[in-house]
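Trainee: Next input, structure requested:
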Amino acid sequence: MSQAMMMRQVIIHPDPEDGGWVAEVPSLPGCISQGDTKEGAIENIRDAIKVWVEGARSVGLPVPDEGFDVYLCVV
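Mentor: Alright, predicted model coming up:
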């Protein structure tokens, strides 16, 4: 069975305590991962998103929609 592709906003930032990078998905509460590099963190968050969505569906919880309103403010 093929799964429909989904898009999620991912925020990635350096981890000041451990080094490496942290990736978070704002629309999926608690969906967070990390990696030694940006690429590693992105690869890991892809897996985390799949696990989060599968877990929610398996217990009958709704999967939130993605809003995609993104603003970058420079001050």
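Trainee: how about the strands in the chain?
Mentor: Counting by DSSP state E, the chain has strands at residues 11-14, 21-24, 32-35.
Trainee: which one of those strands is the most hemmed in?
Mentor: Among the strands of the chain, judged by mean count of other CB atoms under 10 Å, the one packed with the most neighbours on average is strand 21-24 (a mean of 20). Where you see a C-beta, it was placed from the backbone N, CA and C, and this is true even at glycine.
Trainee: can you pull out the helices in the chain?
Mentor: The residue ranges that make up the helices of the chain, judged by DSSP state H, are 38-58.
Trainee: Where does the prediction get shaky in it?
Mentor: When the per-residue scores of the chain are filtered using pLDDT under 70, the ranges that remain are 1-4.
Trainee: can you rerun that using 90?
Mentor: For the chain, residues meeting the criterion pLDDT under 90 lie at 1-6, 17-18, 66-73, 75.
Trainee: what's near enough to touch residue 74?
Mentor: Residue 74 makes contact with no residue, according to CB atoms under 8 Å, 6 or more residues apart in numbering.
Trainee: can you pull the contacts of the spatially most central residue of the chain?
Mentor: By CA atoms, centre = their mean, the chain has its centre lying nearest to residue 25, at 3.4 Å. Under the criterion of CB under 8 Å, 6+ apart, the contact list for residue 25 reads 8, 9, 10, 11, 31, 32, 45, 48, 49, 52.
Trainee: Name the nearest of these relative to residue 73.
Mentor: Minimum distance to residue 73 across the contacts of residue 25 is 13.8 Å, recorded for residue 11 (CB to CB).
Trainee: OK, contacts around the closest one?
Mentor: Contacts of residue 11 were listed using CB under 8 Å, 6+ apart, and they are 23, 24, 25, 26.
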